[in-house]
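>>> Give me a 3D structure for the following:
(4 chains)
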There are 2 protein chains.
Amino acid sequence: MVRSRPTMLDVAKESGASLKTVSRVINGEPGVKPELAIKVRNAVKKLDYRHNFTAGSLRRSGGRTQTIGLLLEDISNPFSAALHRAVEDSARPRGVEVLAGSMDEDAAREESLINGFIGRRVDGLIVVPSLSDHAYLANERKIGTQFVFVDRPAKNFKADTVTATNREGVRDAIASLIVNGHKRIAYFGDVATIYTAQERFAGYKEALKNGKIALDKSITHLGFSSDIEIESLLVDLLSRPDRPTAIFTAQNVITLAVIRSLRAKNLHHKIALIGFDELPLAELLDPAVSLVTQDVQAMGKIATDLLFERLDGRKSPYEERVIPTTFTARASSQIRP
Amino acid sequence: MVRSRPTMLDVAKESGASLKTVSRVINGEPGVKPELAIKVRNAVKKLDYRHNFTAGSLRRSGGRTQTIGLLLEDISNPFSAALHRAVEDSARPRGVEVLAGSMDEDAAREESLINGFIGRRVDGLIVVPSLSDHAYLANERKIGTQFVFVDRPAKNFKADTVTATNREGVRDAIASLIVNGHKRIAYFGDVATIYTAQERFAGYKEALKNGKIALDKSITHLGFSSDIEIESLLVDLLSRPDRPTAIFTAQNVITLAVIRSLRAKNLHHKIALIGFDELPLAELLDPAVSLVTQDVQAMGKIATDLLFERLDGRKSPYEERVIPTTFTARASSQIRP
DNA sequence: GTGAAAGCGCTAACAT
DNA sequence: ATGTTAGCGCTTTCAC
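Below is the predicted model of the structure:
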């Protein structure tokens, strides 16, 4: 049988207190005589009353729902999942819950998610932005919804942003290859329309320049590619007389594809490799894979803290916080040309 | 400057329609003349009106919020993250958003999360239950909140449940080792208080029995252990004259620890290994690791579908859906004794 | 200290 | 086809 939920009024009747007094007790407001408060609490238990947060925020000054939204590329990928966890850990101590969604780099999905979240009146949004234009968020911000961007800056919208040292991280990793004597270093990355892809490629070019090595576009590849595509590109590349002696892969999935291809050609002990992004078993592979990684935990925590500061009324100019990446040198980058 | 959000009344005034007509247009209810509807939609755009879903559900019959809660062990682990994604993919087409949280096998956290979610009036909850007693949920269900449990059944609470064939999956994997001639198969698993750990160990015992091999408790270990603990246990085990010729690891983290230890002792090509749970780069390791895996996608989809069926009013008895596991035989389980 | 009344933004029920 | 009124469960405001 479906009963209806007890309300504050039910608790008031049961306890003999007034509606407002019940509200005071539930919300921990001062100025209620202890005996009355106990009566109220007993009634709460007896009726199994559950406070309706949602109804409260309708009238509450500021209208805060104590809920934030988190827009990720894909909830299930390790970067997103780790970021989500960091956000959760910062939000929960404040009694704030997190709505999360996957955008799949799809502008329509992004819009539908943002609508869904704003329709539920989230207090703020933490966004790993895709390509879309974010100018339309200005109206939302006027109304009090706050925004923080992670991993990449928003487009046409100034806001607090947390990114990693993509450029410097790649630059230093490539430099270590150059120190080891590599002069032909291939680069496999994402399309240059993605901010992080741009930055990482810029780091590559910077390192080459510092090492007085000319950029050879025939050994760089920018663009989304299937495993098979990467494999065939690699086969081409590696059958050339002037084949690269080292490879830098600028992203998770690409690193995996290249590892597979190198193994298939039995070149994994011949050609040096450095990848960007965490790889779960990197140190157990043969050779262990050298990686440039982001401090996702820190990025999530800082983003959430920035969001709450804005919600608490901070008015200072929008910040760009840049979190250092880490280069973990393992056997795969010690291979000499 | 912080403006206040436009409401339906503002849209009504702007468009010249009545409040209710605006509501009809926004909610896509029939019976509004196209011309008027267009006027309303123009006003919505002009004012940048955002529907307040939350306020609506206060009055709406059934009081549905189109939001569900998902309680996971740890949002950031691959199993949880994949489950979350599957739930999201089933929920979004219905316009339902997902609140998720990590319980860390901690009853207090579980309670605080459930309170937080119910306080926001989620329509239903999908739970990967920890050890706590779920009898108290009976009151919530009377009131209309629905529950589905995944991976493990709830305690003292009957509800729809989606689990995997833990027992059968392990049994068949162990059987394949026995077929290969193994008679001494070590087992490393979680504490037997966890349902899945129990089931998996039961599968191990079943396979031994079928193979007429006596259970030797000196080569089984049940309990949570650090990497170091596992390593020292393994060292002991492997230095014995009657050392095991194969190892079964009943969980993700344990599998990793055992792989590390076997490598450290240079025994990874000597001792057969099968693990439970997905491992991201399993096929790239040397030897490639044989695994029993769950169909997390299917589990998430089925759980969400069951939840929505209940929310749609299905009254039939609570179901226990059991999803088949998959055994992927790779090189690590082909090693002979 | 406590409580009554008004109203948050919306939908249901009932006009017209 | 459209509008009016009440009221969802709560917090605010203001009175006692």
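>>> Kindly list the main-chain dihedrals of residue A:5?
Per-residue torsions, residue A:5: phi -70, psi 140 (degrees, to the nearest 10).
>>> all helices for the stretch 1-150 of chain A, in order.
Along the stretch 1-150 of chain A, counting by DSSP state H, counting those that start in this stretch, helices occupy A:8-15, A:19-26, A:34-47, A:53-59, A:78-91, A:107-119, A:137-142.
>>> from memory residue A:76 sits against residue B:81, does it?
Yes. Under the criterion of C-beta atoms under 8 Å, residue A:76 makes contact with residue B:81 at 4.5 Å. To be clear about C-beta, it is placed using only N, CA and C from the backbone, and glycine gets the same treatment.
>>> Looking at these two, which is more packed in?
Ranked by neighbour count (other C-beta atoms under 10 Å in any protein chain shown), residue A:76 and residue B:81 place residue B:81 first, with 25 against 22.
>>> you'd agree that one is up against residue A:72?
No. Using C-beta under 8 Å, residue B:81 is not in contact with residue A:72, being 10.2 Å away.
>>> just to revisit the earlier point, export the helices of the stretch 1-150 of chain A to JSON lines and tack on distance to DNA strand C?
What follows is the helices of the stretch 1-150 of chain A, written out as JSON lines (distance: least, C-beta to the nearest atom of the strand, whole Å):
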{"stretch": "helix A:8-15", "distance to DNA strand C": "8"}
{"stretch": "helix A:19-26", "distance to DNA strand C": "3"}
{"stretch": "helix A:34-47", "distance to DNA strand C": "4"}
{"stretch": "helix A:53-59", "distance to DNA strand C": "3"}
{"stretch": "helix A:78-91", "distance to DNA strand C": "24"}
{"stretch": "helix A:107-119", "distance to DNA strand C": "9"}
{"stretch": "helix A:137-142", "distance to DNA strand C": "14"}
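>>> so what's residue A:167 closest to, chain neighbours aside?
residue A:203 (4.0 Å; C-beta to C-beta, 6 or more residues apart in numbering or on different chains).
>>> quick one: which helix or strand includes the one you found?
Residue A:203 belongs to helix A:195-210 when assigned by DSSP states H and E.
>>> Toward the C-terminus from that helix, list the very next helix or strand.
strand A:220-222.
>>> burial measure for residue A:234, as a count.
25.
>>> dump the residue contacts of it.
A:258, A:261-262, A:265 (C-beta atoms under 8 Å, 6 or more residues apart in numbering or on different chains).
>>> What separation do you get for it and residue A:337?
According to C-beta to C-beta, to the nearest Å, residue A:234 stands 17 Å off from residue A:337.
>>> Residue A:145 too?
53 Å.
>>> Return the distance of the helix or strand bottoming out on mean pLDDT in chain A from the chain's centre.
Within chain A, no helix or strand scores below helix A:227-238, which has a mean of 86 by mean pLDDT, DSSP states H and E. On the basis of C-alpha atoms, centre = their mean, to the nearest Å, helix A:227-238 sits 30 Å off its chain's mean C-alpha point.
>>> Give me the packing partners of the next helix or strand after it, helices and strands only.
Using DSSP H and E, the next helix or strand after helix A:227-238 towards the C-terminus is strand A:246-249. Secondary-structure packing of strand A:246-249 (3 or more C-beta pairs under 8 Å, 6 or more residues apart in numbering or on different chains; DSSP states H and E): helix A:166-179, strand A:185-189, helix A:252-264, strand A:272-276.
>>> quick check, the third one touching chain B?
Yes. Shown here: helix A:252-264 in contact with chain B (C-beta under 8 Å from any C-beta of the partner chain) through A:256, A:259-260, A:263.
>>> closest to residue B:28 among the residues you listed?
Closest to residue B:28 out of those is residue A:256 (44.4 Å), distances taken as C-beta to C-beta.
>>> Get me the contact residues on the stretch 101-250 of chain A for chain B.
Residues of the stretch 101-250 of chain A lying near chain B (C-beta under 8 Å from any C-beta): A:101-102, A:112, A:115-121, A:139-140, A:142-144.
>>> looking at the contacts of residue A:234, which has the most residues close by?
The contacts of residue A:234, ranked by neighbours (other C-beta under 10 Å): first place residue A:258, 25 neighbours.
>>> residues contacting that one?
By C-beta under 8 Å, 6+ apart, the neighbours of residue A:258 are A:188, A:230, A:234, A:247, A:249, A:273, A:275.
>>> list the contacts for the last one?
Okay, so that is residue A:275. A:248-252, A:254-255, A:258, A:282, A:289-292.
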